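A.B. asks: next input, structure requested:
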Amino acid sequence: KLYSETITHKTDVGGVMLNLSSADNVKCAFRSIQKSVAEKAGTEHFQGVTVQPMVRPRDAYELIVGSSLDPQFGPVLLFGTGGQLVEVFQDRSLALPPLNTTLARRMMEQTKIYRALQGVRGRKPVDLAALETLLVRFSALVAEQRWIKEIDINPLLASPDGVTAVDARIVVHEQGVREQDIPTMAIRPYPARYVWPWKLKDGTPVTIRPIRPEDEPAMVSFHETLSERSVYYRYFHLINLEQRTTHERLTRICFIDYDREMALVAERRSAETDESEILGVARLSKIFGANEAEVAVLVSDAWQGRGLGKELLSRLLIVGADEKLDRLSAEILPDNRDVQRLCQKLGFSLKHSIDDEVVHAEFKL
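C.D. replies: This next block holds a predicted model:
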């Protein structure tokens, strides 16, 4: 393949030679590429060649995965049919990073090639799980490396045996571009800096981390552990389990915009089932038009009284300070003495409101 920092589409200038089976073939291909580039583009565009193993996966489809910058939305991801005729077919879908496996699958489903990837006319389906993982990791790369201006993998060969990147291109921002001038992402990436290991009073290891869309099934199990008393203290009225665990409601709770709110979950891995279990949830919701937020904490009945509520609320104070908020507030029912004492221990000021029949808690950051 042609090696050039100025030519993007190598095949347009005769820059790709395949199925070379001997050293003489490689030498001839080198001279042929050098001559073709000089005639079609100019000698200054030829900087040598790269020699790679010939990839021949069975039942493979040529795909493209890429990203480019939009002035308003920042990085935008692309997935679709790839190869030399990518501009001709124009079979593609767009999405905003970061992706999870569900969003990656939805992105694939929006393309025509997706039907073929599932297996048609006796051909085996490609490894869709590997393709999902690649899209998720690709979106993480784009999200974490802000100096990437454009990037694409084309072709990306997808087969029942996995995925293989055959060619790739990366363009970084020019020298002199300031980081603050680079368009920011429309969707804030997963805030991994808010992941903390912790232990309960009895030594049980717990992980406190921001909520993820994949937590929806675990949130259903969490709500099944709550008593009517805990639900009433949290929501100020009773909501039955069926209402609390509808898909529409849990989607709003689990799939959040980390710029506007932050939900921390405390999870442990069950020794009996080896599955993750959510023990408590703390939520910080920014107030529109003000540099402040409301906070709330809810802990499973079986895990109350072990310091978890205090730890979750104290972590929200760290998040609020890190997000440069001025004030955090909460509303507590007068009968909820435990949470009132908890807020006082952490430095909240309490004010009883007779008119609203609630206790206002406030913490100035």
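A.B. asks: now do the contacts for the residue positioned nearest the centre of the chain.
C.D. replies: For the chain, residue 98 is the residue whose C-alpha lies nearest the centre (CA atoms, centre = their mean; 3.5 Å). Contacts here follow CB atoms under 8 Å, 6 or more residues apart in numbering; on that basis residue 98 touches 136, 139, 140, 143, 185, 187, 189, 190. (C-beta placed from N, C-alpha, C; glycine too.)
A.B. asks: return the members of those residues classed as buried.
C.D. replies: Applying 16 or more other CB atoms under 10 Å to those, the neighbour count classes 136, 139, 143, 185, 187, 190 as buried.
A.B. asks: just the residues you listed now: which is nearest residue 7?
C.D. replies: Residue 7 lies nearest to residue 139 out of the buried ones among the contacts of residue 98, by CB to CB, at 27.4 Å.
A.B. asks: these two touch, right, that closest one and residue 77?
C.D. replies: Yes: judged on CB atoms under 8 Å, residue 139 makes contact with residue 77 at a distance of 5.9 Å.
A.B. asks: can you list residues touching both of those two?
C.D. replies: Contacts common to residue 139 and residue 77, judged by CB under 8 Å, 6+ apart, are 95, 97, 99.
A.B. asks: save those as CSV, and put in neighbour count too.
C.D. replies: Below are the shared contacts of residue 139 and residue 77 laid out as CSV (neighbours: other CB atoms under 10 Å):
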residue, neighbour count
95, 19
97, 23
99, 24
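A.B. asks: do you have the strands of the stretch 1-150 of the chain handy? List them.
C.D. replies: Secondary structure of the stretch 1-150 of the chain (DSSP state E, counting those that start in this stretch): strands located at 61-70, 74-81, 92-95, 148-159.
A.B. asks: any chance of CSV for these, columns distance to residue 210 and mean pLDDT?
C.D. replies: Output for those, formatted as CSV (distance: least, CB to CB, whole Å; pLDDT from 0 to 100):
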stretch, distance to residue 210, mean pLDDT
strand 61-70, 24, 94
strand 74-81, 20, 94
strand 92-95, 21, 94
strand 148-159, 24, 93
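A.B. asks: same list as before, these that is, but in a markdown table and with distance to residue 217 included.
C.D. replies: As requested, the strands of the stretch 1-150 of the chain are arranged in a markdown table below (distance: least, CB to CB, whole Å):
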| stretch | distance to residue 217 |
| --- | --- |
| strand 61-70 | 28 |
| strand 74-81 | 26 |
| strand 92-95 | 23 |
| strand 148-159 | 28 |
